[in-house]
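**Student:** here is a sequence together with a model predicted from it:
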Amino acid sequence: MRPTVIFDLDGTLVDSRLDICDALNRLMASRLQPSFTLAEVTSFIGDGVPVLLQRAFSARQLEQDPAALSDFLTEYEAKAAERTRPFPGIIPVLDELRARDWQMMVCTNKPERAARLLLEALGLCPYFSALGGGDSFPIRKPDPRHLLLTLAKTGTSANHAVMVGDHHNDVAAGLAAGCQTIFCRWGYGEPSDAPGVRIAGAPAELPKLLEDALAGMVPVSSK
Ligand SMILES: O=C(O)COP(=O)(O)O
């Protein structure tokens, strides 16, 4: 079976904060609410759009109206790749992994259609053989079934897969799914979110860490 890497999307492959922030602020403006800062919006990201909106509306002590979810998605999907870019160094890593015959997938809490739109707009689709979005299944990360069901799209088992992500949900899902797991330092989470897992300081470190994870060769660091 080909070795497989499952990437988280936001904060791991792409820096999407600016477009999420802009879409949320357009939504808030349409509700006559003040804007959020980028730092505030970043703290709302990680558990999918419904939770992002819950956090935003509760921060404004406002009840969420029934159209908020679809209005946000309309705003976001219209400009999902306006300012979002792959993190520096990600594309060369994807090329290297492809050359080494790694199968690559994306497992994200972003809704599937928005995730697909973004991957297409950035030219990233051809790298990936499966995508599991935040609404693709009845569950999402940190539930390990989100990873397992994404892997199942290509008949891949967890013991051939390494999960790579920047958020405690990625780490929790990866470990509970029985995948080797790597935490990325360049994203929106903190290394303290990932006790006991391998940590990548930069994308360029990923190919070696992935090979090591697969071989189970490197002792797991506690940092
Ligand atoms: O949409 C989110 O909240 C986070 O998405 P992610 O799982 O790709 O980090």
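**Tutor:** It's in.

**Student:** any residues touching the longest helix seen in the chain, and which ones?
**Tutor:** Counting by DSSP state H, the longest helix found in the chain is helix 17-30. For helix 17-30, contacts defined as Cβ atoms under 8 Å, 6 or more residues apart in numbering pick out 10, 34-36, 38, 41-42, 44-45, 52, 56, 60, 68, 71-72, 75-76, 79-84, 188. (Each C-beta comes from the backbone N, C-alpha and C, glycine too.)

**Student:** just the buried ones from those residues?
**Tutor:** 10, 36, 41-42, 44-45, 52, 56, 68, 71-72, 75-76, 80-81, 84, 188 (16 or more other Cβ atoms under 10 Å).

**Student:** could you restrict the contacts of helix 17-30 to the ones contacting the ligand?
**Tutor:** Contacts with the ligand within the contacts of helix 17-30, counted by Cβ under 6 Å from any ligand atom: 10, 45, 52.

**Student:** what residues does the first one make contact with?
**Tutor:** Spelled out, that is residue 10. Contacts of residue 10 (Cβ under 8 Å, 6+ apart): 16, 17, 20, 45, 46, 108, 109, 110, 187, 188.

**Student:** what about 7 Å?
**Tutor:** Residues in contact with residue 10, defined by Cβ atoms under 7 Å, 6 or more residues apart in numbering, are 16, 45, 108, 110.

**Student:** most neighbours, which of those?
**Tutor:** Neighbour counts for the contacts of residue 10 (other Cβ atoms under 10 Å) peak at residue 108, which has 32 neighbours.

**Student:** got the CA coordinates for stretch 103-113 in CSV?
**Tutor:** Provided in CSV are the C-alpha atoms of stretch 103-113 (Å, rounded to 0.1, in the frame of the first residue of the first chain):
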residue,chain,number,x,y,z
GLN,A,103,-0.5,9.4,-1.7
MET,A,104,-1.9,12.8,-0.4
MET,A,105,-5.3,13.7,1.0
VAL,A,106,-6.9,16.7,2.7
CYS,A,107,-9.0,16.4,5.8
THR,A,108,-10.4,19.8,6.8
ASN,A,109,-13.2,21.1,9.0
LYS,A,110,-13.9,23.7,6.3
PRO,A,111,-17.0,22.8,4.4
GLU,A,112,-16.2,20.5,1.4
ARG,A,113,-17.4,22.8,-1.3
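
**Student:** thank you, goodbye.
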